[in-house]
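>>> quick one, structure for this:
(chains A, B, C, D, E and F)
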Number of protein chains: 4
Amino acid sequence: MIVLDYHDRRPLYEQVAERFGVLILQGGMSAGERMPSVRQLAVDLSINPNTIQRAYMELEQEGLIYPVKGKGNFVADVEKIRKKRLEDYRKELDLTVRKGMNLGIKKEELLAVVRQYFGEDGL
Amino acid sequence: MIVLDYHDRRPLYEQVAERFGVLILQGGMSAGERMPSVRQLAVDLSINPNTIQRAYMELEQEGLIYPVKGKGNFVADVEKIRKKRLEDYRKELDLTVRKGMNLGIKKEELLAVVRQYFGEDGL
Amino acid sequence: MIVLDYHDRRPLYEQVAERFGVLILQGGMSAGERMPSVRQLAVDLSINPNTIQRAYMELEQEGLIYPVKGKGNFVADVEKIRKKRLEDYRKELDLTVRKGMNLGIKKEELLAVVRQYFGEDGL
Amino acid sequence: MIVLDYHDRRPLYEQVAERFGVLILQGGMSAGERMPSVRQLAVDLSINPNTIQRAYMELEQEGLIYPVKGKGNFVADVEKIRKKRLEDYRKELDLTVRKGMNLGIKKEELLAVVRQYFGEDGL
DNA sequence: GTGGTCTAGACCACA
DNA sequence: GTGGTCTAGACCACA
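Alright, predicted model coming up:
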């Protein structure tokens, strides 16, 4: 479930949007699946429904969910978006690694950061 | 020595500045060492002295070299700059890796990019 | 309009950049306003377009203007820069006045310099 | 007498040198006058004689005092130095005030800083 | 139309 | 010798 971090300096709606965005893009929620209702989620997270509303607005603008009048919000088919983002990300990753190389960073340091987030397994 | 890539869409002066910038930041040239003279380098690279001049201007603005009147351009003490850039880079790297994780990228793909630039050795 | 001083030892491009920099920071040109075109200004000042180009490069690096491809150069929103510069300036001013006091300069002499640039009015 | 400020981040020897420098340049001590002995001053300020020694070294390098073997340190004829410094200072002051004008600072703000250090009298 | 890049070549100050 | 400035003019991409 979504967990809010009150030490995070970002606004709550952004946190909510980001968590669901990750969930959806990683396949944790499938196309067509219904999102928690604004009111219910507000109760669950003990925050204002307006905050959830705004988070859903963000997700809608990103094309990750779509509203159905009187029914709720549903997860969109995000395959295209996912592909586009991955593609963009690969370019960015490439630039970042190359930049590190140009700064003379050690390979080991790069690997350490990867391991920090992806675990030690297999290495 | 510096090699220009005429298929690169970036301007020549930027290429020259970038190559020397990397060289200096990676310690390939030491503080106080004299840069090739504007005119000589222009001859060596078969480009116009103005283009070299502009590249050196960039490097000077970045604090990587400094001019001495009537003497030439010299490599600055770039230790501070290097530290600052590495620090900034580490933050950027962290963000980039985390972003990849959120997109659901595979650890193996990240490692592949690292290997592409840093070689296979030891892994 | 911009007036060049050929008795000034500073290069022309620096004079051009400085005049526009002051104009922009003092609010004489508003954010979004279009700068004179490189070519037109070159004609108006009877100097080479390359010299204007270089002045605009300086202004861009300072963040005071930004180029739009095929459209021209435009005045940036300089509020942040202005605040930062004023802040830095206040520290510098404080140091300078204190230094004068330590050298035993007369208050009247300090005031005279201020009046020289800001006029007599009210004092 | 000299008072040390332990909240000041500058080294003690620099504070000692600076205070005496100001005293001498403002005419608080005359040419030929004997400086307090290193040991005596160390006792008075409750600091290490080496610190005083270093402060006197600074003053000697600036040409403000001179040592006489077996006799002590004496205040130099600082008229030339004073003139040179005042001259340099006037240029600096001029630049500083002009810079403020170019930033669009208010005359009143400049005057306020002057008053802060030189008092309100006469204004 | 706009700016950006580059060449060719002159002239200057500094050492 | 060195870099720094400036002119004159070409060519490119973008709109």
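
>>> just give the nearest non-adjacent residue to residue A:66, would you?
In this structure, residue A:66 finds its nearest non-sequential neighbour in residue A:76, 5.3 Å apart by Cβ to Cβ, 6 or more residues apart in numbering or on different chains. All C-beta spots, glycine's among them, are computed from the backbone N, C-alpha and C.

>>> so that neighbour sits against residue A:67, correct?
No - the pair residue A:76 / residue A:67 is not scored as a contact, 10.6 Å apart, by Cβ atoms under 8 Å.

>>> which residue of these two possesses the greater neighbour count?
Between residue A:76 and residue A:67, counting by other Cβ atoms under 10 Å in any protein chain shown, residue A:76 is the more crowded of the two (18 against 13).

>>> and chain A, what are its domains?
Listed by automatic domain parsing, the domain ranges of chain A are A:12-77, A:80-118.

>>> export the ones you listed to a markdown table and append columns for mean pLDDT.
Listed next are the domains of chain A as a markdown table, based on pLDDT from 0 to 100:
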| stretch | mean pLDDT |
| --- | --- |
| domain A:12-77 | 95 |
| domain A:80-118 | 92 |
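
>>> hmm, back to that, how close does the residue nearest to residue A:66 get to chain D?
Distance, residue A:76 to chain D, by Cβ to the nearest Cβ, to the nearest Å: 51 Å.

>>> which residues touch that residue?
Residues near residue A:76 by Cβ atoms under 8 Å, 6 or more residues apart in numbering or on different chains: A:24, A:31, A:63-66.

>>> out of the residues you listed, the closest to chain C would be?
The nearest member of the contacts of residue A:76 to chain C, counting by Cβ to the nearest Cβ, is residue A:63 at 28.2 Å.

>>> contacts only, for the closest one.
By Cβ under 8 Å, 6+ apart, the residues touching residue A:63 are A:76, A:78, A:81.

>>> with residue A:60 instead?
Counted by Cβ under 8 Å, 6+ apart, residue A:60 has contacts A:66-67, A:73.

>>> got those as JSON lines, with secondary structure and distance to residue B:40 columns?
Converted to JSON lines, the contacts of residue A:60 look like this (DSSP: H, G, I helix; E, B strand; the rest coil; distance: Cβ to Cβ, whole Å):
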{"residue": "A:66", "secondary structure": "strand", "distance to residue B:40": "64"}
{"residue": "A:67", "secondary structure": "strand", "distance to residue B:40": "67"}
{"residue": "A:73", "secondary structure": "strand", "distance to residue B:40": "67"}
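
>>> quick one: contacts for the residue nearest to the spatial centre of chain A?
Centroid-nearest residue in chain A, with Cα atoms, centre = their mean: residue A:22, separated by 2.7 Å. Contacts of residue A:22 were listed using Cβ under 8 Å, 6+ apart, and they are A:28, B:102.

>>> doesn't it belong to a strand?
No - counting by DSSP: H, G, I helix; E, B strand; the rest coil, residue A:22 is not part of a strand but helix.

>>> from chain D, how far off is it?
Where chain D is concerned, residue A:22 sits at a distance of 46 Å (Cβ to the nearest Cβ).

>>> ok, now residue A:13?
39 Å.

>>> please report phi then psi for that residue.
Note on residue A:13: its backbone torsions stand at phi -60, psi -30 [degrees, to the nearest 10].

>>> could you do residue A:27 as well?
Torsion angles, degrees, to the nearest 10, at residue A:27: phi 90, psi 10.

>>> got the contact list for the closest residue to it other than its chain neighbours?
Closest residue to residue A:27 apart from its sequence neighbours, by Cβ to Cβ, 6+ apart: residue B:104 at 7.0 Å. By Cβ under 8 Å, 6+ apart, the contact set of residue B:104 is A:25-27, A:82.

>>> does whichever residue of chain A sits closest to chain C count as helix, strand or coil?
Ranked by Cβ to the nearest Cβ, the top residue of chain A for proximity to chain C is residue A:9, at 19.5 Å. The three-state label given to residue A:9 by three-state DSSP is coil.

>>> perfect, that will be all.
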